[in-house]
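>>> sequence unknown, structure follows:
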């Protein structure tokens with residue numbers, strides 16, 4: 001039996017046994033009525049759509065199901081019921097759980113591309129084969145707690161108890177998360193990156209946390225797995241769309257690979273959600289062709305020979321930067337600094353020179369900024385990151401160490417220092 005979708009709502013009962021549904025994009029959608037299905041083959045169409053959706057308080061009993069070839073194999077977002085003795089394989093996500101009262105027992109949920117199970121709310125499951133008997137190797141997303149696992153596909157697999165159900169409490173899960181998080185961060189600081197990776201992955205399996213995402217991404221960079229690091233950063237941004245540090249790290253990673261256009265798009269997206277965050281207005285924007293060419297001398301500016309006051313120059317320079325008139329911005333900001341040092345003027349001048357690709361000038365301005373304002377953490381971070389982007393790892397490490405003397409508890413500088421300590425110096429300029 002083929003088709004696009006079978007849907008039923010509200011009161012009523014549908015019972016299906018020993019049938020095949022193939023080529024559909026949303027094969028079964030239960031919303032309000034009782035769904036009983038036994039020994040069904042549900043085959044998708046080129047990895048799109050959803051095999052079975054249970055919503056709206058529908059009671060359900062699914063047994064002996066074989067669901068494959070979908071974006072989402074089974075989606076549960078309401079109702080009360082049971083899934084057992086079923087094979088959910090070959091989908092992007094095997095089982096998506098958005099909330100209900102569900103028993104998931106004696107199933108084979110494995111070989112799904114992105115995740116075997118993705119849970120937005122707490123889901124505790126027993127006696128299922130998920131592709132491995134080792135918890136660390138499981139592809140799980142969200143709030144999934146595995147009380148026990150089968151060590152081989154059902155019905156041959158033996159049950160391995162990981163946590164007694166009576167012990168599964170919110171307090172226990174929170175304590176385990178904090179323990180794994182602390183263990184991972186401590187291992188990172190002690191340069192035990194394999195142990196750090198293992199503990200941080202466990203922590204993320206228990207709870208999404210912005211600091212864990214950052215440490216895990218840096219750990220994966222150090223271990224040379226750029227693809228996993230990018231995936232971690234993507235997941236972190238999805239979970240915490242207002243966490244600026246995740247955007248910064250991901251954009252710099254893209255820029256370092258030469259993918260400056262993608263980096264710029266990412267920063268623009270971050271700026272839409274964080275428009276007042278000055279740290280995002282960094283060296284990602286590519287200036288127009290006209291801005292790369294030195295502007296001709298301005299004519300008929302009689303006031304140029306007069307010494308303008310600091311506030312006028314500062315305001316005009318910042319306005320010119322915001323209007324992308326970078327050549328004019330650089331001149332006004334430099335003139336302002338010739339009268340007195342100022343944090344914001346230094347910051348805007350650095351960003352201006354980055355957009356004008358003035359490498360030597362940027363380095364001079366960064367050096368002046370950290371000397372003028374040693375307690376301003378942003379200048380230390382910018383200096384280290386810019387040197388790292390240039391490939392001057394030894395000098396970047398030196399500046400990171402100097403910055404940490406002023407700011408010993410700064411997370412970003414600590415991570416950069418660890419990253420640089422594990423980078424080769426062969427690409428030094």
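Received, thanks. Computed from a predicted structure; not experimentally measured.

>>> what comes up buried for stretch 343-359?
Neighbour counts over stretch 343-359 (16 or more other Cβ atoms under 10 Å) mark 345, 346, 347, 348, 349, 350, 351, 352, 353, 354, 355, 356 as buried. To be clear about C-beta, it is placed using only N, CA and C from the backbone, and glycine gets the same treatment.

>>> need the phi and psi values for residue 103.
Dihedral pair for residue 103: phi -100, psi 130, per degrees, to the nearest 10.

>>> what's the burial count for it?
13 (other Cβ atoms under 10 Å).

>>> isn't it right next to residue 79, touching?
No: in this structure, residue 103 is not within contact of residue 79 by Cβ atoms under 8 Å, at 11.9 Å.

>>> re the thing from before, in helices only, show me the buried residues of stretch 343-359.
Among the buried residues of stretch 343-359, DSSP state H puts 345, 346, 347, 348, 349, 350, 351, 352, 353, 354, 355 in helices.

>>> tabulate those (CSV), appending pLDDT.
Below are these laid out as CSV (pLDDT from 0 to 100):
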residue, pLDDT
345, 92
346, 92
347, 91
348, 92
349, 93
350, 92
351, 89
352, 89
353, 88
354, 85
355, 83
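
>>> out of the residues you listed, flag the one nearest to residue 231.
Within those, the smallest distance to residue 231 is 28.1 Å, found for residue 354 (Cβ to Cβ).

>>> let me know the distance separating that closest one from residue 62.
Note on residue 354: its distance to residue 62, by Cβ to Cβ, to the nearest Å, is 57 Å.

>>> could you report the neighbour count for the nearest residue to residue 421 once chain neighbours are set aside?
Sequence neighbours aside, residue 397 is the residue nearest to residue 421 in space, at 6.6 Å (criterion: Cβ to Cβ, 6 or more residues apart in numbering). Look at residue 397: counted by other Cβ under 10 Å, it has 20 neighbours.

>>> and residue 397, what element?
Element membership of residue 397 [criterion: DSSP states H and E] is helix 393-406.

>>> residue ranges with poor pLDDT in this structure?
By pLDDT under 70, the low-scoring segments of the chain are 1-12, 162-173, 273-307, 423-429.

>>> and the helices in it, which stretches?
Counting by DSSP H, the helices of the chain are 170-189, 193-206, 210-222, 226-239, 244-256, 260-273, 289-292, 310-322, 326-339, 343-355, 359-372, 377-390, 393-406, 411-421.

>>> who does the fourth one touch, helix- and strand-wise?
When contacts are defined as 3 or more Cβ pairs under 8 Å, 6 or more residues apart in numbering; DSSP states H and E, helix 226-239 sits against helix 210-222, helix 244-256.

>>> out of those, deepest packed?
Comparing the helices and strands packed on helix 226-239 by mean neighbour count (mean count of other Cβ atoms under 10 Å), helix 210-222 comes out on top with a mean of 24.

>>> follow-up on the earlier one: nearest to residue 32, out of the ones in helices among the buried residues of stretch 343-359: which one, please.
Nearest to residue 32 among those is residue 351, at 56.0 Å by Cβ to Cβ.

>>> do I have it right that that closest one meets residue 321?
Yes: contact criterion Cβ under 8 Å: residue 351 and residue 321 qualify, at 6.9 Å.

>>> which parts of the stretch 51-200 of the chain are strands?
For the stretch 51-200 of the chain, applying DSSP state E, counting those that start in this stretch gives strands covering 59-63, 66-68, 72-77, 80-84, 87-89, 93-97, 101-105, 108-110, 115-125, 140-146, 148-150, 159-161.

>>> buried stuff in stretch 333-344?
333, 334, 335, 336, 337, 342.

>>> err, stretch 141-157, not the other one
Neighbour counts over stretch 141-157 (16+ other Cβ under 10 Å) mark 141, 142, 143, 144, 145, 146, 147, 149, 150, 154, 157 as buried.

>>> how many residues are close by residue 360?
8.

>>> and it, what does it touch?
By Cβ atoms under 8 Å, 6 or more residues apart in numbering, residue 360 lies in contact with nothing.

>>> now it: how far from residue 336?
For residue 360, the distance to residue 336 - Cβ to Cβ - is 21 Å.

>>> any idea how far stretch 191-198 is from the middle of the chain?
Distance of stretch 191-198 from its chain centroid, counting by Cα atoms, centre = their mean, to the nearest Å, is 19 Å.

>>> stretch 368-375 now?
Here the centre of stretch 368-375 is set off from its chain's centre by 32 Å, with Cα atoms, centre = their mean.

>>> what does that stretch contact?
Stretch 368-375 is contacted from outside by 341, 343, 346-347, 350, 376, 379-380, 382-383, 399, 402-403, 406-407, using Cβ under 8 Å, 6+ apart.

>>> can you count the residues close to residue 382?
25.

>>> er, residue 402 I mean
Residue 402, neighbours per other Cβ under 10 Å, totals 15.

>>> who are the contact partners of it?
Residue 402 neighbours (Cβ under 8 Å, 6+ apart): 370, 380.

>>> for residue 141, which residues make a bridge with it?
Beta-bridge pairing for residue 141 (DSSP bridges): residue 118.

>>> show me what residue 159 is bridged to.
residue 150.

>>> okay, residue 405 and residue 117: tell me how far apart.
Residue 405 is 46 Å from residue 117, by Cβ to Cβ.

>>> who has more neighbours out of the two?
More crowded of residue 405 and residue 117, by other Cβ under 10 Å: residue 117, with 25 against 9.

>>> give me the number of neighbouring residues for the residue nearest to residue 396 when sequence neighbours are not counted.
Leaving aside its sequence neighbours, residue 396 sits nearest to residue 387 (Cβ to Cβ, 6+ apart; 3.6 Å). Using other Cβ under 10 Å, residue 387 is surrounded by 23 other residues.

>>> ok, back up a step: quick one: closest of the helices of the chain to residue 47.
For those, distance to residue 47 was read as Cβ to Cβ. The smallest value, 18.7 Å, belongs to helix 226-239.
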